[in-house]
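Enquirer: Here is a sequence with its predicted model. Questions after.
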Amino acid sequence: MKVNETGFRGLYLIEPDVFADARGYFFESWNKERFTRYGLELDFVQDNESMSGANVLRGLHFQLPPWEQGKLVRVIRGSALDVVVDLRKNESTFGKNYKVVLSAEEKKLLWIPPGFAHGFLTLKDNTIFSYKCTQLYNRKSEMALAWNDPDLAIDWGISDPIVSEKDKSAGSFRNFNSPF
């Protein structure tokens with residue numbers, strides 16, 4: 001397993017060791033002992049999975065303290081542009097975004113620590129996105145920032161994605177007072 005720094009404190013792109021042969025492939029997407037060796041002492045309490053057609057944009061989602069979530073995300077089928085925004089006001093990367101394409105073919109994972117808004121845009125039909133969470137979902141602490149917020153200026157590579165009504169009414173970064 002290779003753990004790559006991203007330029008954002010605590011945010012890592014993970015390349016698992018994949019063992020492939022004529023039968024197919026095998027890899028560990030999560031191994032507590034191995035992740036701990038890299039300083040990632042994580043306790044997951046909930047797994048989530050979504051399936052979406054191409055050009056579906058979900059996000060930018062997060063939960064407020066004390067329900068903030070860390071997420072280990074990956075694509076099981078298809079591919080997605082994964083985007084996070086740093087909401088930690090004392091970080092030099094506050095308000096900046098990190099983007100990476102995650103795909104079933106490459107099998108990379110992204111560790112997103114608490115204090116980030118998260119979203120993704122599916123690039124292929126029937127994309128299955130999976131994430132392990134360090135905190136349970138809590139509706140009352142759920143928040144979202146607008147995917148097309150002009151202050152965040154995220155280049156999603158698409159002007160008219162398929163977005164839920166809830167995400168269409170998400171708040172602005174400018175009016176968000178970060179508790180992180």
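Expert: Everything's here; your move.
Enquirer: Pull the helix or strand bottoming out on mean pLDDT in the chain out as PDB, backbone CA atoms only.
Expert: None of the helices or strands of the chain scores lower by mean pLDDT, DSSP states H and E than helix 32-37, at a mean of 93. Extracted C-alpha coordinates of helix 32-37, given in PDB (Å, rounded to 0.1, in the frame of the first residue of the first chain):
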ATOM      1  CA  LYS A  32      -6.900  -1.500  10.500                       C
ATOM      2  CA  GLU A  33      -3.300  -2.700  11.300                       C
ATOM      3  CA  ARG A  34      -1.800  -1.500   8.000                       C
ATOM      4  CA  PHE A  35      -3.500   1.900   8.100                       C
ATOM      5  CA  THR A  36      -2.400   2.300  11.800                       C
ATOM      6  CA  ARG A  37       1.200   1.900  10.600                       C
END
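Enquirer: which other helices and strands contact that helix?
Expert: Packed against helix 32-37, as judged by 3 or more Cβ pairs under 8 Å, 6 or more residues apart in numbering; DSSP states H and E, are no other helices or strands. The way it works is simple: take the backbone N, C-alpha and C, and place the C-beta from them, glycine included.
Enquirer: Contacts for it, please.
Expert: For helix 32-37, contacts defined as Cβ atoms under 8 Å, 6 or more residues apart in numbering pick out 1, 28, 41-42.
Enquirer: neighbouring contacts of the helix or strand following that helix?
Expert: Per DSSP states H and E, the first helix or strand lying C-terminal to helix 32-37 is strand 46-52. For strand 46-52, contacts defined as Cβ under 8 Å, 6+ apart pick out 58, 76-77, 122, 126-133, 135-137.
Enquirer: if we take these, which one ends up nearest to Lys168?
Expert: For the contacts of strand 46-52, the minimum distance to Lys168 (Cβ to Cβ) is 12.0 Å, reached by Arg58.
Enquirer: Contact partners for the residue nearest the centre of the chain?
Expert: Nearest residue to the geometric centre of the chain (Cα atoms, centre = their mean): His118, 4.7 Å. Going by Cβ under 8 Å, 6+ apart, His118 touches 59-62, 71, 73, 82-84, 112.
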